[in-house]
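1. A structural model of the following input is requested.
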Amino acid sequence: MATYKGTVGTAVVNYAGNYPGAVKGELWYDSTNKDFKYLYPNVTAAGSWRTGGNLNTGRENTQGTGIQTAALCFGGVPVPRGVTEQYNGTNWSEVNDLNTGRYNATGFGTYTSAIAVGGSGDSGSVANAELWNGTNWTEVNDLSTARSAAAAAGADNTSGLVFGGNVPPASATTESWNGTNWTEVNDLNTARTVLAGDGIITAALAFGGSPPVTGKTEQWDGTSWTEVNDLNTARQYLAGCGTSTSSLAFGGESPGTAYEAKTELWDGTSWTEVADLSTARYLFGGAGASNTSGLAFGGNAPGSPGVSAATEEWTGAGAAIGAWATGGDMNTAKKQTAGAGESSSNGLAFGGENPGTTYLAVTESYNGTNWTEVNDLNTARLLLTGAGHANTNALATGGENGSGNLGNTETWNGSSWTEVNDLNTARRQLAASGASNTAALAFGGAPGPSPTGLTETWNGTNWTEVGDLNNARSDLAGAGTNTAGLAFGGYNPGASVVGNTETWNGSSWTEVNDLNTARAYLAGTGLTNTAALAIGGSPPVRAFTEEWDGISWVEVADLSTARQSAASNGSSTSALVYGGSPPVMVTTEEWSSSSNVVKTLTD
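-> Purely as a prediction, here's the structure:
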């Protein structure tokens, strides 16, 4: 028989208070409070939405099938469209069009085996059905009843259901597909159109719709529909995904609210409101396998032009929650400093200023617990930048001191700094990316009164000017390498704070999705341009942390202490932030992409 010691590797530890050496699942005895305690992972209780890659063609009245990482979007307006796109979990790609362009169609299946059914064309509702084989659409037998704005359920293009819709009037008719023909089966209890649905041919769910706008939900058992618990928010023009026992309902239009962002989770018995969509919308497409993984795309959203290309991805309960923890204090309080290093146990802080010293040369090295003062920079300065993925191999460049803007560059070998060739354009308030002191990229900053987009690449000997940022700015942050960099945030020439994000591919910058919160004086870290963190900043002084996954930013756990003009280093899963203001700080925080909770066992 397994024993606790055999499973965990140790006997139950006796410790006064919370045991800092505990590992996941370990039990210990708190002798101070006379309690048994154990450690378990901290994970999301419900879930959240984050931005995905945009559709190539923005549209409303569209339809989707598939799952979050392999989805299909087809049809829509303006103009009845046959446009079809496939999603691979990152990007949408245009593929072959429907044979009959339309909007308000419905469908079911996967991104390689789907069916598009019904909808509206130039002459009103249609009955057309087309099969998708992963490459082409093929016309097959029509629905028995032409209709638009119906809902559907089905695992692939060989079997499924279509239910409800506008004939007109609103219909309760349900039709079953066997891969060849449509057969009328038992009707919905409530006739309706512009509803949502999901599931398979033997176990489906129908919810929402109108008229009047309703939250009614019905379950299909393979033979008939049964009314179950309503949505919390009655709505129409919504989207949904999942199964008859694990569904999401999101967006739509409700009485008094033109654009809904609300998301509800179905557990087989009832609906629960969870995190809202980032962009409220209606008349859009949805896809997803369950209430833990979904996709929302297109639709009509507030603002101009209204028709949207935006995509959002839902991550459900059970995702690890990142957290900041207190690290060791620096020996010298500083702001407007720079950093290098690859993780929360490996950091280098250099330069900056504090209230007693305008221009610092002080350098400190972090070992995961403590900061140790090491050899100073040769040129004291503030508003500089740093690169390097280790605290034994780093680069310091730019900044300013009493003589003005600097192009000075120094390399760190683990024990001392060496002056090397200067930047071509001296500047302060710039950012950098790079893995070592022989391969780096410096970008943005202020060579004079106005920000610049200048970018220079470092080969270990010389700096070479390359393609400029698309958005000139200063007080920005950077992450990645000299061939795969990321620039985000800052001030533009009009002195406006921005959230602009750009990726570098080794030759040019490309604009991608913005930060959720525009800011300057922020810290940034990440070993690639597909996984990074944006930390703190202002105005006003922020504690926000956002995580970049190569497509979009999502807000994660806040810093314990809001700060600006701090430095950071590490990856998106293990990082440090240190220094900053106000007031000028010595404090360090350590980031882990997963965190734990201490549970006290009670009688």
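2. So for the helix or strand hosting T411, mean pLDDT?
-> For T411, the host element (DSSP states H and E) is strand 409-412. Mean pLDDT, strand 409-412: 98.
3. Let me know the average pLDDT across whichever helix or strand comes after it.
-> Helices and strands here follow DSSP H and E; after strand 409-412, the next one along the chain is strand 417-420. Mean pLDDT, computed over strand 417-420, is 98.
4. then whichever helix or strand comes after strand 417-420 to CSV, C-alphas only?
-> Next helix or strand after strand 417-420 toward the C-terminus (DSSP H and E): strand 431-436. Taking C-alpha atoms only, strand 431-436 is exported to CSV below (Å, rounded to 0.1, in the frame of the first residue of the first chain):
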residue,chain,number,x,y,z
ALA,A,431,14.4,50.3,-25.3
ALA,A,432,16.3,47.2,-26.3
SER,A,433,16.1,43.5,-27.0
GLY,A,434,18.8,40.9,-27.3
ALA,A,435,20.1,37.6,-25.9
SER,A,436,23.7,38.6,-25.2
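5. contact partners of strand 431-436?
-> The contact list for strand 431-436, computed with CB atoms under 8 Å, 6 or more residues apart in numbering, reads 385-390, 393, 395, 397, 440-445, 458, 476-482, 485-487, 490, 504, 524, 527, 529. Placement of C-beta: from N, CA and C, glycine included.
6. Please tell me how far the strand holding T411 is from the chain's geometric centre.
-> Taking CA atoms, centre = their mean, to the nearest Å, one finds strand 409-412 lying 35 Å from the centre of the chain it belongs to.
7. How about residues contacting that strand?
-> So strand 409-412 is contacted by 340, 348, 350, 363, 377-379, 388, 392-398, 417-423, 437-438, 458, 463 (CB under 8 Å, 6+ apart).
8. out of the contacts of strand 431-436, which are inside strands?
-> Within those, residues falling in strands by DSSP state E are 385-390, 393, 395, 397, 440-443, 458, 477-480, 485-487, 504, 524, 527.
9. Near the closest residue in space to T464 that isn't next to it in sequence, how many other residues are there?
-> Residue nearest to T464 in three dimensions, not counting chain neighbours: T457, with 5.4 Å by CB to CB, 6 or more residues apart in numbering. Neighbourhood size, T457 [other CB atoms under 10 Å]: 22.
10. ok, now V554?
-> Neighbours of V554 using other CB under 10 Å come to 18.
11. do the same with the one 10 residues further on
-> By the criterion of other CB under 10 Å, Q564 has 22 neighbours.
12. confidence score at it?
-> pLDDT, read off for Q564, is 98.
13. ok, it - contacts?
-> Per CB under 8 Å, 6+ apart, neighbours of Q564: 335, 521-522, 536-538, 541-542, 580-582.
14. Just the buried residues out of those, in PyMOL syntax.
-> Paste this into PyMOL to select the buried members of these, with burial taken from 16 or more other CB atoms under 10 Å:
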select buried, resi 335+521+522+536+537+538+541+542+580+581
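15. and the contacts of Q564, which of them are in helices?
-> Among the contacts of Q564, no member falls in helices (DSSP state H).
16. Just the buried ones from the contacts of strand 409-412, in PyMOL syntax?
-> Applied in PyMOL, the following selects the buried portion of the contacts of strand 409-412 according to 16+ other CB under 10 Å:
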select buried, resi 340+348+350+363+377+379+388+392+393+394+395+396+397+398+417+420+423+437+458+463
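17. How far off centre is stretch 176-187?
-> Stretch 176-187 has its C-alpha centroid displaced from the chain centroid by 40 Å (CA atoms, centre = their mean).
18. related to what we said a few turns ago, export only the CA atoms of the strand holding T411, formatted as PDB.
-> Only the C-alpha atoms of strand 409-412 are listed here, as PDB (Å, rounded to 0.1, in the frame of the first residue of the first chain):
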ATOM      1  CA  THR A 409      27.800  51.300 -25.000                       C
ATOM      2  CA  GLU A 410      29.300  48.900 -22.500                       C
ATOM      3  CA  THR A 411      29.500  45.100 -22.300                       C
ATOM      4  CA  TRP A 412      29.400  43.000 -19.100                       C
END
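19. Show me what counts as buried in that strand.
-> Buried residues in strand 409-412, defined by neighbour count with 16+ other CB under 10 Å: 409-412.
20. Repeat that for stretch 15-26.
-> 15, 19, 22, 26.
21. can you put the buried residues of strand 409-412 in TSV and add distance to A320?
-> Shown next, in TSV, are these (distance: CB to CB, whole Å):
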residue	distance to A320
T409	39
E410	38
T411	37
W412	33
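22. of those, closest to N367?
-> W412 (15.7 Å; CB to CB).
23. re the thing from before, partners of the strand holding T411, with directions?
-> Using DSSP bridges, the strands paired with strand 409-412 are strand 393-397 (antiparallel), strand 417-420 (antiparallel).
24. E175: which of these is closest?
-> strand 393-397 (66.1 Å).
25. Average the pLDDT values over the closest one and round to the nearest integer.
-> Across strand 393-397, the average pLDDT comes to 97.
26. between that strand and strand 385-390, what angle do the directions make?
-> 180 degrees (axes from the mean of the first three to the mean of the last three CA atoms, to 10 degrees).
27. Okay, angle between strand 393-397 and strand 431-436 too, please.
-> 150 degrees.
28. And the next helix or strand past strand 393-397?
-> Using DSSP H and E, the helix or strand that follows strand 393-397 in sequence is strand 400-401.
29. which residue packs closest to T517, ignoring adjacent ones?
-> Setting aside the residues directly before and after it, T517 is nearest to F544 in space (CB to CB, 6+ apart), at 5.5 Å.
30. coming back round to it: out of the buried residues of strand 409-412, flag the one nearest to L469.
-> Distances from L469 to these, taken by CB to CB, are shortest for T409, at 19.7 Å.
31. Which positions within stretch 243-259 qualify as buried?
-> 243-244, 246-254, 259.
32. With stretch 158-178 instead?
-> Quick answer for stretch 158-178 (16+ other CB under 10 Å): 159-167, 170-177.
33. Same question for stretch 328-336.
-> 328, 330, 332-336.
34. nearest to G76, of those residues?
-> Q336 (49.7 Å).
35. and that closest one, what does it touch?
-> Here Q336 is in contact with 351-353, 382-383, 565 (criterion: CB under 8 Å, 6+ apart).
36. Can you find the helix or strand in this structure with the smallest mean pLDDT?
-> Lowest mean confidence among the helices and strands of the chain (mean pLDDT, DSSP states H and E): helix 4-8, at a mean of 56.
37. hey, what's F108 bridged with?
-> I115.
38. Burial check on it, number of neighbours?
-> Look at F108: counted by other CB under 10 Å, it has 30 neighbours.
39. ditto for the one 10 residues further on
-> By other CB under 10 Å, 29 other residues sit near G118.
40. now it, nearest residue through space, not along the chain?
-> Using CB to CB, 6+ apart and skipping the chain neighbours, the partner closest in space to G118 is R147 (5.0 Å).
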